[in-house]
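[1] turn this into a model:
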Amino acid sequence: MTRGRLAPTPTGYLHVGHARTFALAAARASAGTLLYRTEDLDAGRCRPEFADAAIEDLRWLGLQWTEGPDVGGPHAPYVQSQRLPWFRDVWSQLQATGAIYPCDKSRKDVERSLTAPHAEDDAEPIFPPALRAPIGAGREAREPGPTNWRFRVPDGETIAFVDALQGPQAFVAGRDFGDFLVWRKDGFPAYELAVVADDHAMGVTEVVRGSDLLLSTARQLLLYQALGWAAPTWAHAPLIVDAEGKRLAKRTAGLSIRELRQKGKTPEEVLTAPLDQLLD
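    Numbering: from 1, shown residues only. Next comes the predicted model:
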């Protein structure tokens, strides 16, 4: 039985792209269980009013979840900022395997490296092997401390999976992506660790999200492998784009769920109408 999840990040009002992806997630989990989780680990950008608005807007769309806000469930709390002890435990598991290492190199250090290529579909420059810490670095650590930690990818290894919507996918570690952050020096887990840790803890069997996160799936599969956990299946929805093919963002004027509600659009229109019709 499918166990899916809705996992918005409250850095702004949700837009029509989120609405359609979340509706797809709900539909695919209709015969199983759907949980709602707030991913609010970016303390500088996440705001409580956006978290509240997301719940209200998705309820207005008619989406129903069986675990999470206003419902409860066995995995509460469903707010990532309240789950730091669990994330530190997962960091400890990874640290014990030697798969991660402390890294004091900044993004500017990476960008200045002459050997650092850039992934075509990823905004983050690929971390060059020349900047890696030596094997065994950080093995004596008992806590993350005030430094970043990265996962050491197996250079040249192909990470392949079949996506339910996008078909077969394959990425090469060290070419398509490099050593990636799992823990930030501000004391919070990076996205890759947090989402893997919570999807595992909450028993998620299928992850539905936008196709901009296909590359993240390859990284996350390496984390599942290192931790000895079974990975969920994946379904990456096509991104919503405008007439020029430009990706819509949370700040795209006129297309947030909140604005469309105020303009008198119906839930059905938000979920199915052409974008030019929504902007009328």
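
[2] tally of neighbours for residue 168?
    The tally of other residues near residue 168 (other Cβ atoms under 10 Å) stands at 8. Any C-beta I mention is one placed from the backbone N, CA and C, and that applies to glycine too.

[3] tell me how far it lies from residue 218.
    13 Å (Cβ to Cβ, to the nearest Å).

[4] distance between the worst-scoring helix or strand of the chain on mean pLDDT and the chain's centre?
    In the chain, the helix or strand scored least confidently by mean pLDDT, DSSP states H and E is helix 107-112, which has a mean of 78. Relative to its chain's centre, helix 107-112 lies at 23 Å (Cα atoms, centre = their mean, to the nearest Å).

[5] cool, stretch 259-279 as well?
    Worked out by Cα atoms, centre = their mean, stretch 259-279 lies 26 Å from the chain centre.

[6] in that stretch, what's buried?
    Along stretch 259-279, these residues count as buried under the neighbour rule (16 or more other Cβ atoms under 10 Å): 259-261, 265, 267, 270-271, 273, 275, 278.

[7] check stretch 157-164 too.
    Result for stretch 157-164 [16+ other Cβ under 10 Å]: buried residues 159, 161.

[8] circling back to that earlier point, and the buried residues of stretch 259-279, which is closest to residue 127?
    residue 275 (36.5 Å; Cβ to Cβ).

[9] the nearest residue to residue 48 once chain neighbours are set aside and residue 67: what is the separation?
    Leaving aside its sequence neighbours, residue 48 sits nearest to residue 10 (Cβ to Cβ, 6 or more residues apart in numbering; 7.5 Å). According to Cβ to Cβ, residue 10 and residue 67 sit 18 Å apart.

[10] more neighbours, the two?
    Under the neighbour definition other Cβ under 10 Å, residue 10 and residue 67 were set side by side, and residue 10 has more, 23 against 20.

[11] for that one, helix, strand, or coil?
    coil (DSSP: H, G, I helix; E, B strand; the rest coil).

[12] neighbours around the nearest residue to residue 267 once chain neighbours are set aside, how many?
    Using Cβ to Cβ, 6+ apart and skipping the chain neighbours, the partner closest in space to residue 267 is residue 61 (4.7 Å). Residue 61 has 22 neighbours, counted by other Cβ under 10 Å.

[13] ditto for residue 192
    19.

[14] tell me who's in contact with residue 212.
    Shown in contact with residue 212 (Cβ atoms under 8 Å, 6 or more residues apart in numbering): 239, 247.

[15] so which residues of the stretch 1-150 of the chain form strands?
    Counting by DSSP state E, counting those that start in this stretch, one finds strands in the stretch 1-150 of the chain at the ranges 3-6, 33-36, 100-103, 148-151.

[16] element containing residue 200?
    helix 191-201 (DSSP states H and E).

[17] quick check: next helix or strand after that helix?
    Going down the chain from helix 191-201, the next helix or strand is strand 206-210, by DSSP H and E.

[18] note down every partner strand of that following strand and its orientation.
    Partner strands for strand 206-210, per DSSP bridges, with pairing direction: strand 233-237 (parallel).

[19] may I have the helix or strand just after the strand it pairs with as PDB, with CA atoms only?
    Where DSSP H and E defines the elements, the next helix or strand beyond strand 233-237 is helix 257-262. Output of helix 257-262 as PDB, limited to C-alpha atoms (Å, rounded to 0.1, in the frame of the first residue of the first chain):
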ATOM      1  CA  ILE A 257      -2.700  29.800  -4.600                       C
ATOM      2  CA  ARG A 258      -3.400  32.700  -2.200                       C
ATOM      3  CA  GLU A 259      -3.700  35.200  -5.000                       C
ATOM      4  CA  LEU A 260      -5.700  32.900  -7.200                       C
ATOM      5  CA  ARG A 261      -8.200  32.400  -4.400                       C
ATOM      6  CA  GLN A 262      -8.500  36.100  -3.900                       C
END
